[in-house]
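[1] Below are the sequence and a predicted model; questions follow.
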Amino acid sequence: MIDRDQVLHVAKLARLSVTDDELERMPEELSKILGHVETMNELDLEGVEPTSHVVDLTNVLREDVPRPGLTPEQALEQAPDAADRGFRVPSPGAS
Amino acid sequence: MSDELLNLTGAQQAERIAAGEISSTEVFDFWRERAAADDLGSYLWVSEQAPEDAGTLPPIAVKDLFCVEGVPSMAGSRILEGYRPPYTATSVRNLQAAGARVLGKTNQDEFAMGSSNENSGYGPVQNPWDRGRVPGGSSGGSAAAVAAGTAPWAIGTDTGGSIRQPASLCGIVGMKPTYGAVSRYGMIAFASSLDQCGPLTRDVTDAAILLRHLQGRDPCDSTSLGIPGDIPLPSAERLDGLRFGVWGMEEPGLEPGVAESVRTTLAKIEELGGAVQEIDLPTARHGIAAYYVIAPAEASANLARYDGVRYGKRSANGDLTSMYEQTRHDGFGEEVKRRIMIGTYALSSGYYEAYYGTAQKVRTKIAHDFTTAFEDVDFVVSPTSATVAFNLGERTADPLAMYLSDYYTVPMPLAGIPAISIPCGLSEGLPVGFQIAGPAFSEARILDAAHALEKSIGFEGVPVG
């Protein structure tokens, strides 16, 4: 169902580093959950429309009126590393 | 006077305040001291002093994932340790405007992912009925606080049962409103098409009062509609002419003691003039399967924002990508990572249609099951949980067993409809919950029916003191 290589691939997509121990555990654990999920396939879903959302609304519009937002100071206040009115991050690297 | 407060509902306390028999500051201080003395792990933060204007209602315990300006709001996650938001959730603001002040922030499963509160980044919560057992989850702290008398009332969120199941396991009332009834603005998101805020209270009247104040359209949440019409205080004492469709009584996992309590309640419905008939929700048994695609898929997108840049914790490690990966690895707990993995997998290229596409179709069929049922009955009723509160640690080793805890509560959010859980009796000395669901925006009718039933059941046994 889901093997080690797929775990590594999905973890990369999800930006999660994985320890050796997790890599040992995850294939079986996730496969068991997906095995239950796949019981959905017992149903006849021919011609059934998908539901992405239960509220019957499209394009909720509002007047384009300026209103106060966060100040730069407020927006930066919780940052792990703020400098020069911006969020400082490590270098993206040479690769 | 103040000791008496413990035995009063929120509504009764508000009456005493309005009558000038006690000041709202005294009421706030009474609950603040109770909350500060909590030893069940219910709270992650308790207000240090009564606000200058203590309002007109007793104070409210708020699940940690609601943003409250300047107050730690961490969604039970280490990745948001110490986070103090610069704004307040609309639902909390609505309660503040109605006269309730924030008493404290309650413990929860991390990002609301769990059914036992054991997935909190800040430790579990003990069930006040039996400290060796879980309070349910994910709003476990809110449920335990109300049941143990360390909060007069509380709010939580329900995505697949996170209000109703802990209310059931702790012997209190919990209601999930119709999707869109209450604004989600400022609620730290788990699964955006399912998440909904609602009350956890001692009785049905208190739930109605909180819901009345919580609900409403909010320009900051385009999916919010509010509840059309008033929410009157529930007053019904009879159920004449109402039809109740009961579902799920033959499920193999249903504990005999829970089934017995529910059957006794069905007999009470008939005594009160209601009609009970068995109904089938043929797709509901696939609810957990669909839910564990849709909720993790939405969560994997919502939780992408926790990357160590704008707020929360950062694990510094090498270049930018390594920083992201290490921050998320260290900051998220096991269950959250599991769900991010499932959700990312289900949305990934080549698997999308097989998982997410299929789950969305199952969702349509579940909603159709309810629509069909409501042609014949006014309410769909069932146990809230197949079991009473289980032991701490009992289901942590088996994620799938934990997921199945939400068997009876998952179909309603998938269909977007409201449901309440009220305590209906005891099994093995532990509370049993009875669930009443109705069509979208039928909250006032559900509350009325629940009120009549509550009076007839006469459940007493909140383990306060």
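    Received it, and whenever you're ready, just let me know what you need.

[2] contacts and neighbour counts: CA atoms only from here.
    Will do.

[3] For the residue nearest the centre of chain A, give me its contacts.
    Central residue of chain A (Cα atoms, centre = their mean): residue A:14, 6.7 Å from the mean position. With contacts defined as Cα atoms under 8 Å, 6 or more residues apart in numbering or on different chains, the neighbours of residue A:14 are B:300, B:304, B:340-341, B:344.

[4] Buried subset of the residues you listed as a PyMOL selection?
    Remark: buried members of the contacts of residue A:14, expressed as a PyMOL selection using 16 or more other Cα atoms under 10 Å in any protein chain shown:
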select buried, chain B and resi 300+340+341+344
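
[5] Greatest separation within the contacts of residue A:14: which pair is it?
    B:304 and B:341 (11.8 Å; Cα to Cα).

[6] where in chain A is pLDDT low?
    A:94-95 (pLDDT under 70).

[7] so where do the helices sit in it?
    Under the criterion DSSP state H, helices of chain A are mapped to A:4-13, A:20-37, A:72-76.

[8] got it, and the stretch 201-350 of chain B?
    Along the stretch 201-350 of chain B, counting by DSSP state H, counting those that start in this stretch, helices occupy B:204-214, B:256-271, B:287-302, B:320-331, B:334-347.

[9] swap in the stretch 1-150 of chain B?
    B:2-5, B:10-18, B:24-36, B:90-98, B:140-148.

[10] if we can go back for a sec, of the contacts of residue A:14, list those near chain A.
    B:300, B:304, B:340-341, B:344 (Cα under 8 Å from any Cα of the partner chain).

[11] Dump these to JSON lines, plus pLDDT.
    Formatted as JSON lines, the ones next to chain A among the contacts of residue A:14 follow (pLDDT from 0 to 100):
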{"residue": "B:300", "pLDDT": "98"}
{"residue": "B:304", "pLDDT": "97"}
{"residue": "B:340", "pLDDT": "98"}
{"residue": "B:341", "pLDDT": "98"}
{"residue": "B:344", "pLDDT": "97"}
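
[12] picking up where we left off before, out of the helices of chain A, which is closest to residue B:189?
    Across the helices of chain A, residue B:189 has its closest neighbour in helix A:72-76 (18.9 Å, Cα to Cα).

[13] Flag every buried residue along that closest one.
    Neighbour counts over helix A:72-76 (16+ other Cα under 10 Å) mark A:75-76 as buried.

[14] Return the residue of chain A that is most distant from the centre.
    Chain A, farthest from centre, Cα atoms, centre = their mean: residue A:65 at 31.3 Å.

[15] How about the backbone phi and psi for it?
    Main-chain dihedrals, residue A:65, degrees, to the nearest 10: phi -110, psi 130.

[16] which element is residue B:445 on?
    Under the criterion of DSSP states H and E, residue B:445 resides in helix B:443-457.

[17] how about the CA coordinates for that helix, as PDB?
    What follows is helix B:443-457 as a C-alpha-only set of coordinates in PDB (Å, rounded to 0.1, in the frame of the first residue of the first chain):
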ATOM      1  CA  GLU B 443     -30.900  24.300  16.200                       C
ATOM      2  CA  ALA B 444     -34.000  25.900  17.900                       C
ATOM      3  CA  ARG B 445     -36.000  22.700  17.400                       C
ATOM      4  CA  ILE B 446     -33.200  20.400  18.500                       C
ATOM      5  CA  LEU B 447     -32.700  22.500  21.600                       C
ATOM      6  CA  ASP B 448     -36.400  22.300  22.400                       C
ATOM      7  CA  ALA B 449     -36.500  18.600  22.000                       C
ATOM      8  CA  ALA B 450     -33.300  18.200  24.000                       C
ATOM      9  CA  HIS B 451     -34.800  20.400  26.800                       C
ATOM     10  CA  ALA B 452     -37.900  18.200  27.100                       C
ATOM     11  CA  LEU B 453     -35.800  15.100  27.200                       C
ATOM     12  CA  GLU B 454     -33.400  16.500  29.700                       C
ATOM     13  CA  LYS B 455     -36.200  17.400  32.100                       C
ATOM     14  CA  SER B 456     -37.600  13.900  31.800                       C
ATOM     15  CA  ILE B 457     -34.200  12.200  32.200                       C
END
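
[18] now it, how far from the chain's geometric center?
    From the chain centre to the centre of helix B:443-457 is a distance of 18 Å (Cα atoms, centre = their mean, to the nearest Å).

[19] Report the angle between that helix and helix B:204-214.
    If you take axes from the mean of the first three to the mean of the last three Cα atoms, to 10 degrees, helix B:443-457 sits at 160 degrees to helix B:204-214.

[20] tell me what helix B:443-457 is packed against?
    Using 3 or more Cα pairs under 8 Å, 6 or more residues apart in numbering or on different chains; DSSP states H and E, the elements in contact with helix B:443-457 are helix B:204-214, helix B:256-271, strand B:419-427, strand B:430-437.

[21] any residues touching that helix, and which ones?
    With contact meaning Cα under 8 Å, 6+ apart, helix B:443-457 is reached by B:177-178, B:203-205, B:208, B:230-232, B:234-239, B:265, B:268-269, B:379, B:418-420, B:422-425, B:436-438.

[22] And that helix, what's buried?
    Those would be B:443-454, B:456-457, for helix B:443-457 by 16+ other Cα under 10 Å.

[23] Chain A: which of the residues you listed is nearest?
    Nearest to chain A, judged by Cα to the nearest Cα, of the buried residues of helix B:443-457 is residue B:443 at 16.3 Å.

[24] Can you pull the residues of the stretch 1-150 of chain B lying near chain A?
    Within the stretch 1-150 of chain B, the positions near chain A by Cα under 8 Å from any Cα are B:83-84, B:86.

[25] rewinding a little: now the buried members of the contacts of helix B:443-457.
    Buried subset of the contacts of helix B:443-457 (neighbour count, 16+ other Cα under 10 Å): B:177-178, B:203-205, B:208, B:231, B:234, B:236-239, B:265, B:268-269, B:379, B:418-420, B:422-425, B:436-438.

[26] OK, now which residue of the stretch 101-250 of chain B is nearest to chain A?
    Nearest to chain A, among the residues of the stretch 101-250 of chain B, is residue B:193, at 5.7 Å (Cα to the nearest Cα).

[27] That residue: neighbour count?
    By other Cα atoms under 10 Å in any protein chain shown, the residues close to residue B:193 number 21.
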